[in-house]
Every structure is written in structure tokens, then in C-alpha cells.
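Asks: Let me see the structure of the following:
(one chain, ligands or ions: 2)
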Amino acid sequence: MTTLITNIKELLQVRDTNVLKVSGSNMKTLPTIKKAYLLIEHDTIIEYGSMQDLTTLEADQVIDATGKIVLPTWCDSHTHIVYAGNREQEFVDRINGLSYEEIANRGGGILNSAENLQNTSEEDLYQQSIKRVKQVMKLGTGAIEIKSGYGLTTEAELKMLRVIKRIKKEFPLKVKATFLGAHALPKAYKDNKKGYLDLIINDMLPKIEKEHLAHYIDIFCEKGYFSLEDTDRLLTEGKKHGLTPKIHVNQFNAFGGIALGVKHNALSVDHLEELKDEDIEALKNSNTIAVALPSCSYFISIPYTPARKIIDAGLPLALASDYNPGTTPSGNMNFVVSTACIKMKMTPEEAINAATINAAYAMGISKQYGSITRGKKANLIITNPVPSYNYLPYAFGENHIDTVLINGNILE
Ligand SMILES: N=CN[C@@H](CCC(=O)O)C(=O)O
Ligand SMILES: [Zn+2]
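Replies: Numbers count the residues shown, from 1 in each chain. Ligands and ions are numbered 1, 2, ... in the order given. Sure, this is the predicted structure:
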């Protein structure tokens, strides 16, 4: 099966195979081809170029993209899209004056979602979660990382990871699974953090490895959750089971978690709403990418990750949704890109780079996803007719997507 897209107003993010992420001032450049075509064979991009160089219109399917922009689908490298129920009551509680921390201290927050999930069957959890997966695919997400972390018992963590595995099997988008057993201290271990970490290390990790349930290991390295010492121990143990670190860090407090992540060769350090100069220094000359989650800052009114400081220091930055029931009940990457431009002063070029090629890097898939490159997966967004790509983040809140293709197939 071949698909030819013709008359593309502008084809965005055209890259050579060897570009796996872009850093610093290079993020300001978004390579494009105006008046372009793109040819897909089965699930793969095989050719593209200027319309004037197109020699044949022969293909099983031709899509005329006159006036439209084509770009790679979003890669969402940080989500908690598998969860049960919602936390709309906490949303109202926060409007009425309670903070995220106060709600958590009352047994709400992550523990609230964990209780709900523990009482939800695997089938029900799957059904609730795939509604959101279908939604984000329509919004242009073609690859997604999904974390566990609302189970907090061996049984419930494995349930979450099996649901993620099933999503991976049943849906065409690329899925990477992350084990986040150390998301919060469950009630049963309120005064026994060591006991809970022992449970994760001695019981959960071997089972996860045996069933091949995760690629990455995460921990909420934060005051009131898990310390540097806990993080060091868990990441060391996780790596023994073949899991690469990707950690939640510097969301509310900066106390050295980024340097620790870099020490463990973490693929990404995520959140970074609080950032010190030494954190920036720690990231320099590392393979670890910073991931910002602007929808989380928006929803719970915390500072935005200082993107300018990160990029202007020559570092790469990725953007992700953080889709979860507590701090970000939205997986809309179009909103993430707009918000990064509006609130974090990222240029449209930087934001699109951050949500495609750099986001693919942050989930370890940039060899196959995140740019328009011969041989990469044909995961594409075709927009409605728009004046330019600047219009996409500019006219925020409006759906600019006409068609999404995943593995070369039009999403119905
Ligand atoms: N900060 C830790 N984890 C999630 C939120 C968890 C929750 O409140 O349910 C996050 O990334 O924002
Ligand atoms: Zn998160």
C-alpha cells in the first residue's frame, strides 16, 4: 500500500537520520520544505521533496494537502493516562483555597487515585483508559509513554502495567511503559518507607522483569515523597532489572535530584518547575534531557519550567503532557505546544522541536519517530488550511487538525 500526499503547503521537521535531538540555539531552527510532497509505503516514510520534483502521481491513495501543513505526530514522553475515576472534587477544593500539598496531606491526591484504582478491575481500568488513548490519538499523539504509579501495591501496580501492555498491543500508536511504584507512600506503609521500598525492590521489580512489563523506572523525588537517598537506591536496583531511569524531579523543591538523575544516566528528568543554576550545570555534557510539563503548571498554578534558561544554556528541552487525574487532566499536546509558546516564551520552532524530535528522544524512540525522515514511521498530522505554522500555537484552543496518520493509516 502506497500513499502520496501532494501540494503540502509546508512540510515541517525534515531531518537527516542522524539527528536524534536538537539542543540550545539549534532548537530555533525547524527545517521545512514548502510546496512539498511525501510518499509512504506501508507504515514508512520513503520519499519527500519539492512538488516540482515529483515525477509520478502513481500511488494506491493520493491525499491533496493544498493549503495544509504536514508535520510528525506529537510524541508525549510523560503521561499517567492509565487511571481510574477522576479527581474533580479536588479541583473544586483547590478553587476553594486548598493547596495540592494540603489535599495530599489529607489523604487525597495520589493516594485517592490509588484507592480508586485498587478497587477497579483490570478490564474496567482498560476500558476507562482507552477512551483517553483514542482521544489523544485524534489530537495528534502518535507515540506515548505511560507510567504506573496509581497502584502502590504489587497487585495493583502489575494491573496497571498489564493494562499498558494491552494498550501497546491493541493500538497502533507507539507505547513505552514506565514503572512508577515509588510515586507516593501508600497508607499501609505510612511510617515505614524502607518497608515500601523493600517491597518494590524485592517483590515488584522481579515480577515486572519476568513479565517484561516496563522499559523505564521512575520515582517522585520530592520533599514529602522520596528523598535523594531513596532515589539513589531505587534507580540502582531498577537498573539491575534492565530499567532505564526517567524521573519526576524539581516539581516543588530543588535539592539535587537532577544531578542524581544525571549520575544514573537517566534518559530524562521531568517537571523542573524549580530549577537552580547547579541543576543546569549538572545537565551540561550529559545524555539526560529535561522535560517540561506546562499543562501541569497551568492546571495547579505552579511556576512554569524556565525553558529559556534551559535552552539558552545550550541544552535540549522536550515537552510532554503529564496527562493524569490530579495535576493535568488533559493529554492535548496542541495545548502543551501553545502554552509553551505563550507562557514559557518558546518560539513556535522551539516548541515544535520540543514536542516532536526531542520528545521522541525523551522516550528513547527518536531513531524511528519524531521527524520527517526517510525510513521513519509514517506518523503524521495534516492540519486544516492555516496561514503558517505559527498559527498552530497562536490560535490556541482551536483544533487545527484535519487528519492523523499512524503507521501510514488514516485514523478514522
Ligand atoms: N508529581 C507527581 N505525579 C504527577 C501527579 C500525580 C497526581 O497528583 O495524581 C505529576 O507528574 O504531576
Ligand atoms: Zn507525572
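Asks: residues contacting F220?
Replies: 149, 180, 182-184, 226, 248, 251 (C-beta atoms under 8 Å, 6 or more residues apart in numbering). In short, each C-beta sits where N, CA and C put it, glycine included.
Asks: Just give the closest residue to it, not the sequence neighbours.
Replies: What sits nearest to F220 in space, not counting adjacent residues and going by C-beta to C-beta, 6 or more residues apart in numbering, is H248, at 4.5 Å.
Asks: burial count for the one you found?
Replies: For H248, the number of neighbouring residues by other C-beta atoms under 10 Å comes to 28.
Asks: Quick one: list the elements packing against the helix or strand containing it.
Replies: H248 belongs to strand 244-249 when elements are defined using DSSP states H and E. Other elements packing on strand 244-249 under the criterion 3 or more C-beta pairs under 8 Å, 6 or more residues apart in numbering; DSSP states H and E are strand 216-221, helix 228-240, helix 257-263, strand 268-271.
Asks: Redo these as CSV? Include distance to ligand 1 and mean pLDDT.
Replies: Written out in CSV, the entries for these read as follows (distance: least, C-beta to the nearest ligand atom, whole Å; pLDDT from 0 to 100):
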stretch, distance to ligand 1, mean pLDDT
strand 216-221, 5, 98
helix 228-240, 13, 98
helix 257-263, 12, 98
strand 268-271, 6, 98
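Asks: Pick out the residue of this protein closest to ligand 1.
Replies: With C-beta to the nearest ligand atom as the measure, G326 is the residue of the chain nearest to ligand 1, at 2.4 Å.
Asks: Please name the nearest non-neighbouring residue to that residue.
Replies: Counting by C-beta to C-beta, 6+ apart, G326 lies nearest to R87, which is 5.2 Å off, once chain neighbours are set aside.
Asks: what does N409 give?
Replies: Leaving aside its sequence neighbours, N409 is closest to P172 (6.9 Å, by C-beta to C-beta, 6+ apart).
Asks: Now that neighbour: phi and psi?
Replies: phi -80, psi -20 (degrees, to the nearest 10).
Asks: Report the contact partners of it.
Replies: Going by C-beta under 8 Å, 6+ apart, P172 touches 406-407, 409.
Asks: now swap in L71 and tell me
Replies: Shown in contact with L71 (C-beta under 8 Å, 6+ apart): 11-13, 352, 356, 372, 380-381, 383, 389.
Asks: tell me which of the residues you listed is nearest to C341?
Replies: Minimum separation from C341 among the contacts of L71 (C-beta to C-beta) is found for I352, which lies at 9.5 Å.
Asks: And stretch 324-341, end to end?
Replies: For stretch 324-341, the first-to-last residue distance is 22 Å (C-alpha to C-alpha, to the nearest Å).
Asks: returning to that earlier point: tell me the confidence at the residue nearest to N409?
Replies: Here the pLDDT value assigned to P172 is 98.
Asks: For H212, see how far away it is.
Replies: The spacing between P172 and H212, counted by C-beta to C-beta, to the nearest Å, is 20 Å.
Asks: Also Q251?
Replies: In this view, Q251 and H212 are 30 Å apart by C-beta to C-beta.
Asks: For those two, work out which one has more neighbours and name it.
Replies: Between Q251 and H212, counted using other C-beta under 10 Å, Q251 has the larger neighbour count: 27 against 11.
Asks: Quick one: residues contacting that one.
Replies: Counting by C-beta under 8 Å, 6+ apart, Q251 touches 220, 222, 271-274, 296, 302.
Asks: Which strands or helices does the one helix or strand C75 maps to pack on?
Replies: Applying DSSP H and E as the criterion places C75 in strand 74-76. Secondary structure elements in contact with strand 74-76, counted by 3+ C-beta pairs under 8 Å, 6+ apart, are strand 141-147, helix 333-344, helix 357-362.
Asks: need those in a markdown table with mean neighbour count and distance to H78, can you?
Replies: Output for those, formatted as a markdown table (neighbours: other C-beta atoms under 10 Å; distance: least, C-beta to C-beta, whole Å):
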| stretch | mean neighbour count | distance to H78 |
| --- | --- | --- |
| strand 141-147 | 29 | 6 |
| helix 333-344 | 22 | 10 |
| helix 357-362 | 29 | 8 |
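Asks: Those: which one's closest to Y196?
Replies: Proximity of these to Y196 was assessed by C-beta to C-beta; the nearest stretch is strand 141-147, lying at 17.3 Å.
Asks: Quick one: mean pLDDT over the closest one.
Replies: Mean pLDDT, taken over the full extent of strand 141-147, equals 99.
Asks: OK, contacts around the residue nearest to the spatial centre of the chain?
Replies: Using C-alpha atoms, centre = their mean, the residue of the chain that lies closest to the mean C-alpha position is S77, 2.2 Å off. Contact analysis of S77 by C-beta under 8 Å, 6+ apart lists 145, 246, 268, 291, 318, 320, 359-360, 362-363.
Asks: picking that back up, wait, isn't the residue nearest to G326 in contact with G108?
Replies: Yes - with contact defined as C-beta atoms under 8 Å, R87 and G108 form a contacting pair (7.5 Å).
Asks: Looking at these two, which has the bigger crowd around it?
Replies: More crowded of R87 and G108, by other C-beta under 10 Å: R87, with 22 against 19.
Asks: and the nearest residue to G256 once chain neighbours are set aside, how many neighbours?
Replies: Excluding the flanking residues, the one nearest G256 by C-beta to C-beta, 6+ apart is L228, at 5.7 Å. The number of residues packed near L228 is 14, by other C-beta under 10 Å.
Asks: Tell me how far L228 lies from A259.
Replies: Here L228 is placed at a distance of 9 Å from A259 (C-beta to C-beta).
Asks: The lowest-mean-pLDDT helix or strand in the chain close to ligand 1?
Replies: For the chain, the helix or strand with the lowest mean confidence is helix 100-105, at a mean of 92 (criterion: mean pLDDT, DSSP states H and E). No - counting by C-beta under 6 Å from any ligand atom, no contacts exist between helix 100-105 and ligand 1, the nearest distance being 7.1 Å.
Asks: same question, stretch 163-180
Replies: No - Stretch 163-180 does not reach ligand 1 (C-beta under 6 Å from any ligand atom); its nearest approach is 8.0 Å.
Asks: mind listing what N86 touches?
Replies: If a contact means C-beta under 8 Å, 6+ apart, then N86 has 325, 329 as its contacts.
Asks: Domain ranges for this structure, per the record?
Replies: The chain is divided into the following domains under automatic domain parsing: 2-72+371-410, 75-362.
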